[in-house]
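**Student:** Fold the following.
(chains A and B)
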There are 2 protein chains.
Amino acid sequence: MMTNSDKKPLILVSNDDGYSAKGINSLIGVLAEFGEVVVMAPDTGRSGKGCAITSETPIKYSLVSRTDGIEVYSCTGTPVDCVKLACDALLDRRPDLVVGGINHGDNSAVNAHYSGTMGVVFEGCMKGIPSIAFSLCDHAADADFTPTFPVIRRVVEEVLRRGLPKGCCLNVNFPEKAPYKGVAVCRQAVGEWVNEYEPHEHPRGGKWYWLTGEFVTEEKDSTADKVALNNGYVAITPTRIDMTDYDLMREMKDWEL
Amino acid sequence: MMTNSDKKPLILVSNDDGYSAKGINSLIGVLAEFGEVVVMAPDTGRSGKGCAITSETPIKYSLVSRTDGIEVYSCTGTPVDCVKLACDALLDRRPDLVVGGINHGDNSAVNAHYSGTMGVVFEGCMKGIPSIAFSLCDHAADADFTPTFPVIRRVVEEVLRRGLPKGCCLNVNFPEKAPYKGVAVCRQAVGEWVNEYEPHEHPRGGKWYWLTGEFVTEEKDSTADKVALNNGYVAITPTRIDMTDYDLMREMKDWEL
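**Tutor:** The predicted structure follows:
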């Protein structure tokens, strides 16, 4: 457990692939260069959980390991639950940084809404803590995360030095293939999933549907994160928790309500 | 099943309290005045599921009832899954409107991120369909939804007539107590949950944590949805799926990445 006398930054790490995933274990090695690392991550994969929280059942956490000063806890809850529970029930002081990832798979474009990795980061951000999500566009369990390390170091260093504006967090996505062409600060690409389900007959009758689908986007402009990724760039999308549409707010003055 | 020859607007309805909740059944009575109503809602309560999707197991749906032209289906998935599955596997044509609710409980402020009702509406919005969430700040299973009906009628009428800008949806929250003082077009209030967990000892040892907590906000301005609600107004928060922080995007040009 961290104490207030410890002057190094406290970094809380979580993900949606579970504490044993290669991505999070790659990440904590890099983050340990910058501060005290505490991991509170789901006990198993919880991909696509977005900002889901667990309210109908209680949750718990358990210590998995304590190695080289890095404490790893597993939690029965969602990615968001992990951040909430760590801050409320485990840590003695407020984290200086919340980091989600490294996710096994793409979280760019509108997929930020479905992403448990982004759930981690939204939750940190709601608590006023600078928060960064890292995702690699490779679903493989044994994906090579090594090429992401230099960029992770630079982003973490800049965020620890500058902070982030209140209500704002970073969504960092890495192309599947290294070497990267560079780093691009991007906007969230517009796009949509189509052909989303594959029906299967159940052995005892009835159709069951597996989520599948293709993501389609008409974006061409390289300011869109998905396009930058496709062009070989690391895409950093500054993301805000305030989802108000201020333009429509003004327009709606004319509505008859 | 709706056919293309049917000229009335097709309205897809879902929620996060389940198809049998009083809120959704109150809502579909009102919506039936405006078009053909198809309900695809979770088979039981799935509050706080945000934009969670089900990818690790298959899902299915079943017909619950067909009464007065209103078809009600229950689905084993999350609120977002319900919209995806209805659009992909059930409906013969694209809905003209997606409506979530009426939720039993407040979805204003940053709680929009956790809300399954808003998940319904984000999903509709991502598919390019005008989408509206309705929530009543009353968790009671037998809450009285009648006072919400006149406002729901006006909002639905305006949205069917005007449409909504691409990528934008509405988050409508009603105060617990009627009569309402009026309708206010608002921004998403800033706030944070504190004291979030209540620890309990398990009979066989170990601590389990129940999610509870208090929502605190320093907002005073009545343009914030939570404040408008507290002042007795129906709060309509125009909400966008693009979460890019364009200000930080410009600032980050100076970062060393």
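
**Student:** if I pick the spatially most central residue of chain A, what's in contact with it?
**Tutor:** With the centre of chain A defined as its mean C-alpha position, the nearest residue by Cα atoms, centre = their mean is A:Thr117, 2.4 Å away. Contact analysis of A:Thr117 by Cβ atoms under 8 Å, 6 or more residues apart in numbering or on different chains lists A:15-16, A:79, A:100-101, A:103, A:107, A:133-135. (Each C-beta comes from the backbone N, C-alpha and C, glycine too.)

**Student:** For A:Phe134, see how far away it is.
**Tutor:** Distance of A:Thr117 to A:Phe134, computed by Cβ to Cβ, to the nearest Å: 8 Å.

**Student:** Now for the residue of chain A most remote from its centre: which residues touch it?
**Tutor:** Relative to the centre of chain A, the most outlying C-alpha is that of A:Glu256, 40.2 Å out, by Cα atoms, centre = their mean. Contacts for A:Glu256 (Cβ under 8 Å, 6+ apart) come out as B:154, B:158.

**Student:** So it: helix, strand or coil?
**Tutor:** Secondary structure, DSSP: H, G, I helix; E, B strand; the rest coil: A:Glu256 is coil.

**Student:** got it, and A:Val110?
**Tutor:** Put simply, A:Val110 is helix when judged by three-state DSSP.

**Student:** Touching, it and A:Val216? I think so.
**Tutor:** No: with contact defined as Cβ atoms under 8 Å, A:Val110 does not reach A:Val216; the gap is 11.3 Å.

**Student:** shared neighbours of these two, anything?
**Tutor:** Taking Cβ under 8 Å, 6+ apart as the contact rule, A:Val110 and A:Val216 both touch A:191-192.

**Student:** Have a look at those two and say which one is more surrounded.
**Tutor:** A:Val110 (25 against 11; other Cβ atoms under 10 Å in any protein chain shown).

**Student:** which residues does the more buried one contact?
**Tutor:** Contacts for A:Val110 (Cβ under 8 Å, 6+ apart) come out as A:188-192, B:126, B:241.

**Student:** Which of the residues you listed fall within helices?
**Tutor:** Counting by DSSP state H, those place B:Met126 in helices.

**Student:** closest to B:Tyr197 among the contacts of A:Val110?
**Tutor:** Relative to B:Tyr197, the closest of these is B:Ile241; by Cβ to Cβ it sits at 30.4 Å.

**Student:** As a check, name the ranges of all strands in the stretch 51-200 of chain A.
**Tutor:** A:61-67, A:70-75, A:97-104, A:131-136, A:168-174, A:182-185, A:192-194, A:197-201 (DSSP state E, counting those that start in this stretch).

**Student:** for those strands, which one sits closest to A:Ala228?
**Tutor:** Nearest to A:Ala228, of the strands of the stretch 51-200 of chain A and by Cβ to Cβ, is strand A:182-185 at 4.2 Å.

**Student:** Now compare the contacts of A:Thr117 and name the two farthest from each other.
**Tutor:** A:Pro79 and A:Phe134 (13.6 Å).

**Student:** Overlap in contacts, those two.
**Tutor:** Common neighbours of A:Pro79 and A:Phe134 (Cβ under 8 Å, 6+ apart) are A:100, A:117.

**Student:** follow-up on the earlier one: so what sits against both of A:Thr117 and A:Phe134?
**Tutor:** Contacts common to A:Thr117 and A:Phe134, judged by Cβ under 8 Å, 6+ apart, are A:100-101, A:103.

**Student:** who's in contact with the nearest residue to A:Glu201 once chain neighbours are set aside?
**Tutor:** Closest residue in space to A:Glu201, ignoring its immediate chain neighbours: A:Lys207 at 6.4 Å, by Cβ to Cβ, 6 or more residues apart in numbering or on different chains. Shown in contact with A:Lys207 (Cβ under 8 Å, 6+ apart): A:199-201, B:60.

**Student:** Compare the residues you listed and tell me which is most surrounded.
**Tutor:** B:Lys60 leads the contacts of A:Lys207 on contacts (other Cβ under 10 Å) with 19 neighbours.

**Student:** in which helix or strand would I find the residue lying closest to it once chain neighbours are set aside?
**Tutor:** For B:Lys60, ignoring the flanking residues on the chain, the nearest one in space by Cβ to Cβ, 6+ apart is A:Trp208 at 4.9 Å. In the assignment (DSSP states H and E), A:Trp208 maps to strand A:207-211.

**Student:** count of neighbours near A:Ala141?
**Tutor:** Neighbour tally, A:Ala141, other Cβ under 10 Å: 11.
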